[in-house]
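Participant: sharing a model prediction with you, sequence too.
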Amino acid sequence: MPSKFDPISTETINTIRLIAADAVEKANSGHPGTPMEAAPIAYLLYRHHLRHNPANPDWPGRDRFILSCGHASMLLYSSLFLSGYDLSLDDLKNFRQLGSPTAGHPEFGHLPGIETTTGPLGQGIAVAAGMAMGGRFLQRTLDTDLFDYRTYCLCSDGDLMEGVASEAASLAGHLRLGNLICLYLDNKITIEGDTSLAFSEEVATRFLSYGWQVQHVEGENIEDINRAIEKAKHSPRPSLILARSHIGFGAPNKQDTAAAHGAPLGGDELALAKQSFGFDPEKTFQVPNDVASHMGEIKEIGAKLESEWQQAFNAAVKQSPKLQSWQQAANGDLPNGWDDLPTFAPGEKLATRQASGKALIALAVKLPFLLGGSADLGPSNNTTLQGEDSFTACTVGRNIHFGVREHAMGAVMNGLAHTPGLIPFGGTFLVFADYMKPPIRLAAMMGLQTIYVLTHDSIGLGEDGPTHQPIEHLPSLRSIPNLTVIRPGDANETVEAWKAAISNQSGPTALILSRQGWPTLDREQYADAAELQKGAYVLKQESGELHAVLIATGSELPLALAASEELEEEGVATRVVSMPSWELFELQNEDYRDQVLPRTCTNRVAIEAASPFGWERYVGSNGLIVGMGGYGASGPADQLMQHFGFTVDNIKQKVRALLD
């Protein structure tokens with residue numbers, strides 16, 4: 001390992017700094033200060049510590065690096081470029097430009113070497129914890145050191161102020177994730193000024209209380225940083241390395257000021273910085289030949305590391321059915337018969353959360369890399385896998401106890417989903433999905449297969465009252481692009497909803513489930529529950545020329561059926577459409593959608609115990625919606641349904657109003 005005075009190390013670090021500053025200056029937008037202060041850490045990681053191969057960024061045995069302070073994206077791009085990843089100097093010059101892979105914050109899938117999307121502060125730390133959990137799960141479950149990789153995370157003051165980071169750090173310490181190493185840029189500066197304005201806690205003490213190993217280093221002393229990383233690599237606990245760094249390091253007038261954070265340095269200041277580092281102030285994006293040669297060695301080292309790993313894997317997989325099963329899962333292949341799941345008899349009374357629990361247990365038998373839990377609500381969410389061990393500091397099972405930490409649970413699930421082969425699920429009450437909104441949105445943006453088990457889905461949960469009764473949550477979740485929301489109408493639809501979630505490998509799925517139970521529908525009398533895969537279907541055909549269409553989801557589906565029967569007796573030919581998933585329905589062709597909701601019939605009533613927002617697209621300008629115009633109340637579920645108009649008489653009244 002070179003000393004801190006080694007010329008090539010210093011020159012490489014300064015090259016990383018100035019490429020980042022040049023890109024921000026050219027874009028006239030961005031954050032130059034953090035890349036300039038963090039360059040020594042990035043250099044040490046990419047050149048000396050990370051097990052990675054630029055030619056194959058997705059090699060399963062690699063170490064992971066997460067830039068949690070995503071605003072410092074040019075630090076990552078500069079490091080990837082110099083390390084030999086597949087991005088060009090032109091990509092750096094087009095930083096923050098439309099269509100460029102070098103976005104303002106790192107975007108998963110835009111460039112090789114970006115492990116996850118990090119925009120909202122704090123998310124990266126929590127995702128890193130999930131990745132560390134995923135690595136440990138594979139290592140222990142598959143009985144092999146092939147997945148004994150480490151997850152590194154670089155974070156800032158802003159990351160540590162966010163609550164999600166605290167939740168994730170608490171969980172990581174509790175689980176003793178020794179394969180997680182976080183480096184904290186303690187620069188004392190935020191956008192508004194000195195951190196003393198709002199942040200005076202003892203970070204080291206906090207992390208010690210979480211059960212982390214904590215070390216202090218100087219941000220410019222690469223020997224100290226190197227020793228700290230080496231020590232962290234051998235710790236049985238997660239590690240926090242506090243680096244006392246200087247934002248905008250090398251910019252003589254802006255170093256250690258908020259002015260270096262979120263705006264270009266300016267031409268004059270950047271020229272002075274280049275002079276201080278011995279670079280030509282008139283040139284931009286300078287990569288000295290010896291720096292290119294020094295960093296170019298990474299490709300050869302990485303190729304050798306991957307080749308050795310692949311040889312070991314090829315030898316081990318021949319002897320290990322567990323590894324063979326993992327390889328199949330990592331390739332996205334589901335085992336034969338995985339969807340042979342329980343069915344429920346007509347009339348059997350079940351809450352959809354109960355049916356979900358039975359389906360989940362059956363799936364877990366067939367899918368060994370399906371794992372998850374809930375935010376301390378396992379008995380309520382029915383998310384506990386019977387016969388499986390818990391994921392603890394000492395044992396690694398498939399039942400994860402996230403604790404009352406919804407913020408962290410959602411982000412940790414993303415880290416697990418980034419782990420090849422794993423399908424994570426996490427449960428809470430639907431009303432608390434708001435706590436998980438940022439990671440749900442990021443999972444949808446990245447196309448991760450995460451499954452949210454969201455129970456107690458309406459005023460039907462009863463006595464807990466309006467604080468626990470979700471009203472606006474369904475339209476809120478439906479508004480997230482690439483998130484599939486499914487609210488099944490009975491036990492057999494719930495099983496089909498799980499099949500849809502497991503089959504959906506291009507994005508997350510939210511299962512919206514009830515607390516209260518109702519009888520399972522007779523599928524000899526009504527359409528097959530497998531029709532759920534189309535998002536919406538004709539559950540009950542009208543008798544005679546169509547007069548009205550009732551559209552319902554979840555626990556309101558039996559209500560729609562009861563109303564339609566009475567309307568039919570009164571001579572009103574009424575169709576009932578089950579619409580558990582808008583997103584799946586919109587994937588169907590126009591002909592099918594027109595068959596389910598004929599354009600010739602504008603007398604439509606949508607029924608859902610939630611905000612009516614959005615239903616206009618399906619009922620049209622002439623239709624009506626039976627929904628919630630405000631918050632719920634505390635009381636028995638049947639009384640609440642009566643009080644808020646979810647009755648057969650009210651639905652019939654709406655239909656008559658349309659017909660009149």
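Facilitator: Structure received.
Participant: against which helices or strands is the top helix by length along the chain packed?
Facilitator: For the chain, the helix that runs over the most residues, judged by DSSP state H, is helix 289-317. Helices and strands touching helix 289-317, by 3 or more Cβ pairs under 8 Å, 6 or more residues apart in numbering; DSSP states H and E, are helix 7-27, helix 73-83, helix 321-330. All C-beta spots, glycine's among them, are computed from the backbone N, C-alpha and C.
Participant: can you tell which of those helices is closest to residue 227?
Facilitator: The closest of the helices and strands packed on helix 289-317 to residue 227 is helix 7-27. By Cβ to Cβ, the value is 14.7 Å.
Participant: tell me what that closest one is packed against?
Facilitator: Secondary structure elements in contact with helix 7-27, counted by 3+ Cβ pairs under 8 Å, 6+ apart, are helix 33-44, helix 73-83, helix 89-93, helix 267-276, helix 289-317.
Participant: quick one: buried residues of the shortest one?
Facilitator: This means helix 89-93. Buried residues in helix 89-93, counted by 16 or more other Cβ atoms under 10 Å: 91-93.
Participant: with the first one instead?
Facilitator: Of the residues in helix 33-44, those scored as buried under the neighbour-count criterion (16+ other Cβ under 10 Å) are 33-44.
Participant: can you give me the pLDDT of residue 38?
Facilitator: According to the prediction, residue 38 has pLDDT 98.
Participant: contacts only, for it.
Facilitator: The neighbourhood of residue 38, defined by Cβ atoms under 8 Å, 6 or more residues apart in numbering, consists of 72, 75, 154, 185, 219, 245.
Participant: now with 6 Å?
Facilitator: Applying Cβ atoms under 6 Å, 6 or more residues apart in numbering, we find residue 38 in contact with 75, 185.
Participant: just checking, residue 291 touches residue 15?
Facilitator: Yes - contact criterion Cβ atoms under 6 Å: residue 291 and residue 15 qualify, at 4.9 Å.
Participant: what helix or strand is residue 343 on?
Facilitator: For residue 343, there is no helix or strand it lies in under DSSP states H and E.
Participant: cool, residue 137 as well?
Facilitator: Per DSSP H and E, residue 137 falls inside helix 123-141.
Participant: any idea how far the helix or strand just after that helix is from the chain center?
Facilitator: Using DSSP H and E, the helix or strand that directly follows helix 123-141 along the chain is strand 151-155. A distance of 17 Å separates the C-alpha centroid of strand 151-155 from that of its chain, computed with Cα atoms, centre = their mean, to the nearest Å.
Participant: and strand 151-155, what other elements does it pack with?
Facilitator: Strand 151-155 is packed against strand 64-67, helix 123-141, strand 180-185, with contacts defined by 3 or more Cβ pairs under 6 Å, 6 or more residues apart in numbering; DSSP states H and E.
Participant: partners of the shortest one, with directions?
Facilitator: Based on DSSP bridges, the pairing partners of strand 64-67 within the sheet are strand 151-155 (parallel).
Participant: what angle separates the strand it pairs with from helix 73-83?
Facilitator: Computed by axes from the mean of the first three to the mean of the last three Cα atoms, to 10 degrees, the angle separating strand 151-155 from helix 73-83 equals 140 degrees.
Participant: how about strand 151-155 as PDB, C-alpha atoms only?
Facilitator: These are the backbone C-alpha positions of strand 151-155, laid out as PDB (Å, rounded to 0.1, in the frame of the first residue of the first chain):
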ATOM      1  CA  THR A 151     -21.100  -3.800   1.100                       C
ATOM      2  CA  TYR A 152     -19.400  -0.300   1.400                       C
ATOM      3  CA  CYS A 153     -21.500   2.900   1.700                       C
ATOM      4  CA  LEU A 154     -20.400   6.500   1.600                       C
ATOM      5  CA  CYS A 155     -22.700   8.900   3.500                       C
END
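Participant: name the residues that touch the helix holding residue 137?
Facilitator: 64, 66, 68, 116, 118, 147-149, 151, 153, 155, 159, 164-165, 168, 172, 177, 179-180, 396, 408, 411-412, 414-416, 418-419, 422.
Participant: which of those residues are buried, as a ChimeraX select command?
Facilitator: Only the buried members of these end up in this ChimeraX selection, burial being decided by 16+ other Cβ under 10 Å:
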select :64,66,68,116,118,147,149,151,153,155,159,164,165,168,172,177,179,180,396,408,411,412,414,415,416,418,419,422
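Participant: any idea how the chain splits into domains?
Facilitator: Domain ranges of the chain: 7-304, 349-519, 533-659, per automatic domain parsing.
Participant: return the distance of the shortest one from the chain's centre.
Facilitator: Okay, so that is domain 533-659. Taking Cα atoms, centre = their mean, the mean C-alpha location of domain 533-659 is offset from the chain mean by 32 Å.
Participant: before we move on, what about the first one?
Facilitator: Taking Cα atoms, centre = their mean, one finds the center of domain 7-304 at 21 Å from the center of the full chain.
Participant: got the end-to-end distance for it?
Facilitator: Distances were taken as Cα to Cα, to the nearest Å; on that basis the terminal residues of domain 7-304 are 26 Å apart.
Participant: and for stretch 237-255?
Facilitator: Looking at stretch 237-255, the gap from its leading to its trailing residue is 34 Å under the measure Cα to Cα.
Participant: over to stretch 185-204?
Facilitator: For stretch 185-204, the separation between the terminal residues is 13 Å (Cα to Cα).
Participant: just the helices in the stretch 351-500 of the chain please.
Facilitator: Across the stretch 351-500 of the chain, reading from the start of the chain, the helices by DSSP state H, counting those that start in this stretch fall at 352-366, 378-381, 406-417, 437-446, 473-478, 491-503.
Participant: buried ones in stretch 7-26?
Facilitator: Applying a neighbour-count criterion of 16+ other Cβ under 10 Å, the buried positions in stretch 7-26 are 9-26.
Participant: oh, that last question was meant for stretch 301-318, not what I typed.
Facilitator: Across stretch 301-318, burial judged by 16+ other Cβ under 10 Å covers 302, 305-306, 309, 313, 316-317.
Participant: next one: stretch 182-191
Facilitator: The neighbour-count criterion (16+ other Cβ under 10 Å) identifies 182-190 as the buried residues of stretch 182-191.
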